[in-house]
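In: Give me a 3D structure for the following:
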Amino acid sequence: PMYSARLLAGVAAARFADDAAAWAVLAALAVVLVVKSRVEERGMLEQHAGYREYRGRTWRFVPWLF
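Out: A predicted model of the protein is given here:
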């Protein structure tokens, strides 16, 4: 939820700024958060036995989408 909220706030800020640079920064932020979440998931899989099952029934950022 924290990463999704950050991205949603970034969309609002980019829309408010209405500037191509703001959208580029948002795209870079999205890439960073996707990579960061994948790295964190690897650690969670190693440290928590039930995380694989949890990950199988939840979504990373946006329910039913991603």
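In: the strands in this structure, which residues?
Out: Under the criterion DSSP state E, the chain carries no strands.
In: Where do the helices of it begin and end?
Out: 2-17, 20-47, 51-57 (DSSP state H).
In: which other residues reach the shortest one?
Out: Where contact means C-beta atoms under 8 Å, 6 or more residues apart in numbering, the residues beyond helix 51-57 that reach it are E41, M44, L45. For glycine as for every other residue, the C-beta is placed from the backbone atoms N, C-alpha and C.
In: Make TSV from those and add distance to L8, neighbour count and pLDDT to it.
Out: Below are the contacts of helix 51-57 laid out as TSV (distance: C-beta to C-beta, whole Å; neighbours: other C-beta atoms under 10 Å; pLDDT from 0 to 100):
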residue	distance to L8	neighbour count	pLDDT
E41	21	14	93
M44	23	15	94
L45	27	12	94
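In: Could I get the residues you listed in JSON lines, plus columns for distance to S4?
Out: Shown next, in JSON lines, are these (distance: C-beta to C-beta, whole Å):
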{"residue": "E41", "distance to S4": "15"}
{"residue": "M44", "distance to S4": "17"}
{"residue": "L45", "distance to S4": "21"}
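In: before we move on, the earlier item: list just the one of the helices of the chain that sits closest to L65.
Out: helix 2-17 (10.3 Å; C-beta to C-beta).
In: Report the angle between the closest one and helix 20-47.
Out: Relative orientation of helix 2-17 and helix 20-47, computed by axes from the mean of the first three to the mean of the last three C-alpha atoms, to 10 degrees: 180 degrees.
In: Contacts only, for A22.
Out: A13, A14.
In: What does the pLDDT read for it?
Out: Note on A22: pLDDT of 96.
In: any weak-confidence spans in the chain?
Out: For the chain, applying pLDDT under 70 flags no range at all.
In: Thank you, goodbye.
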